[in-house]
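Asker: My questions concern the predicted model and sequence given below.
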Amino acid sequence: MNIRVTLSICATFAIDPIKEYIEFWADQLPFDLGVTLAPYNQVLRELLITSGDDSEITKFRLIGIRPEDFTRFMSTKDEGKRKDFVRDAWIMYGDAVRKSCESSSDIFLVAVFPPSPQGMSDDDLKYHNESIISFKSSLKDLQNLYFIELSTLPELYDVSVIYDHDSDDMAHIPYTPEYYAALGTTIVRSINAYMVKPRKVIVLDCDNTLWAGVCAEEEISVQPKHKALQEFMLKKRSEGFLLTLASKNNEPDVDKYFRPTAA
């Protein structure tokens, strides 16, 4: 029986471009992943919706929050009123996320997005950062909620330009296609990590893998590519992986190259 997984997506901005990238990667997964987009800027409404119980489907819900969207449509410039509104918004979103998590068996993925360069003053940014820390801390006890780390996305996926001011201004699509692609990839990887049991054993051959040559017939040599693989595998062992060998060679022929005195 095929494993069925669904992902519903909602955000405080237009997150629609992410769908094509998620669907691209979904074709590579060992399970069926269906993706749906909620209406624009309806996060709180979506959190009130209960998806129902279905033991045959694993349901994920992606919640995207960009703090500067809280005041995007406010007309007042009164800093006190704006700060009060932002404070109340964080409390409201926190309460809504908690209630939704506690009343559902769905898995919630929450992503707090970075503001645009011109989106906030230094004081506003400082206040929002403090609010984000409090928001995350207030929800850390929920077992079916995971925060998606976005701060490393640009470096991890080599995204040089994150923001698109024109598309944000015209259609509330604040990020570049490259950033949406990186985000979609991260979301799919998070879902796959949750669904697929982690592999803990790495099986290696020796000849022409850990070294160049056939150890039973000739002197072997370690080239840069073999050294890189060996160092990578040692790193995996330090992370808890079990390394094993599968070789047709006689054990003494292999063993001599694993002795401390071996070249």
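Answerer: Looks like it arrived, so ask away.
Asker: Buried residues, stretch 63-80. List them.
Answerer: 63-71 (16 or more other Cβ atoms under 10 Å). C-betas here are computed from N, CA, C, even on glycine.
Asker: Quote the end-to-end distance of that stretch.
Answerer: This stretch, stretch 63-80, spans 28 Å end to end (Cα to Cα, to the nearest Å).
Asker: How far away from the center of its chain is that stretch?
Answerer: Centroid displacement of stretch 63-80 relative to its chain, using Cα atoms, centre = their mean, to the nearest Å, is 26 Å.
Asker: Mind listing residues that contact that stretch?
Answerer: Residues outside stretch 63-80 that contact it (Cβ atoms under 8 Å, 6 or more residues apart in numbering) are 9-13, 15, 41, 43, 46-47, 82, 85-86, 89-90, 93, 97, 108-116, 119-120, 124, 128, 131-132, 172, 174.
Asker: Let's see the PyMOL selection covering just the buried ones among those.
Answerer: The PyMOL selection below is limited to those of those classed as buried (16+ other Cβ under 10 Å):
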select buried, resi 9+10+11+12+13+15+41+43+46+47+82+86+89+90+93+97+108+109+110+111+112+113+114+115+116+119+120+124+128+131+172+174
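Asker: Next step: the contacts of stretch 63-80 restricted to strands.
Answerer: 9-11, 108-112 (DSSP state E).
Asker: Return the member of the residues you listed nearest to Gly240.
Answerer: Minimum distance to Gly240 across those is 24.9 Å, recorded for Leu109 (Cβ to Cβ).
Asker: pLDDT of the strand or helix carrying Ile187, averaged?
Answerer: Take DSSP states H and E as the rule and Ile187 turns out to sit in helix 177-195. Helix 177-195 carries an average pLDDT of 96.
Asker: again with stretch 26-46
Answerer: Stretch 26-46 carries an average pLDDT of 93.
Asker: before we move on, what about stretch 86-97?
Answerer: Average pLDDT, stretch 86-97: 93.
Asker: Residues contacting it, please?
Answerer: Under Cβ under 8 Å, 6+ apart, the answer for stretch 86-97 is 43-44, 47-48, 63, 65, 67, 70-71, 108, 110, 124, 127-128, 131, 134-135, 138-139, 145.
Asker: Pull the contacting residues for Ser167.
Answerer: 173-174.
Asker: distance of it from Asp123?
Answerer: For Ser167, the distance to Asp123 equals 27 Å [Cβ to Cβ, to the nearest Å].
Asker: just Gly240 next, same as before
Answerer: Distance from Gly240 to Asp123, by Cβ to Cβ: 44 Å.
Asker: cool, and Val188?
Answerer: As judged by Cβ to Cβ, Val188 and Asp123 stand 37 Å apart.
Asker: the more surrounded of those two?
Answerer: A direct count of neighbours by other Cβ atoms under 10 Å for Val188 and Asp123 places Val188 higher, at 21 against 10.
Asker: Surely the more buried one is in contact with Glu23?
Answerer: No - between Val188 and Glu23 there is no contact, the gap being 9.4 Å when judged by Cβ atoms under 8 Å.
Asker: re earlier: in strands, which of the buried residues of stretch 63-80 appear?
Answerer: Cross-referencing the buried residues of stretch 63-80 against strands under DSSP E gives 63-65.
Asker: who touches the residue nearest to the spatial centre of the chain in this structure?
Answerer: Computing the C-alpha centroid of the chain and ranking residues by Cα atoms, centre = their mean puts Thr186 first, at 3.7 Å. By Cβ under 8 Å, 6+ apart, the residues touching Thr186 are 148, 150, 153.
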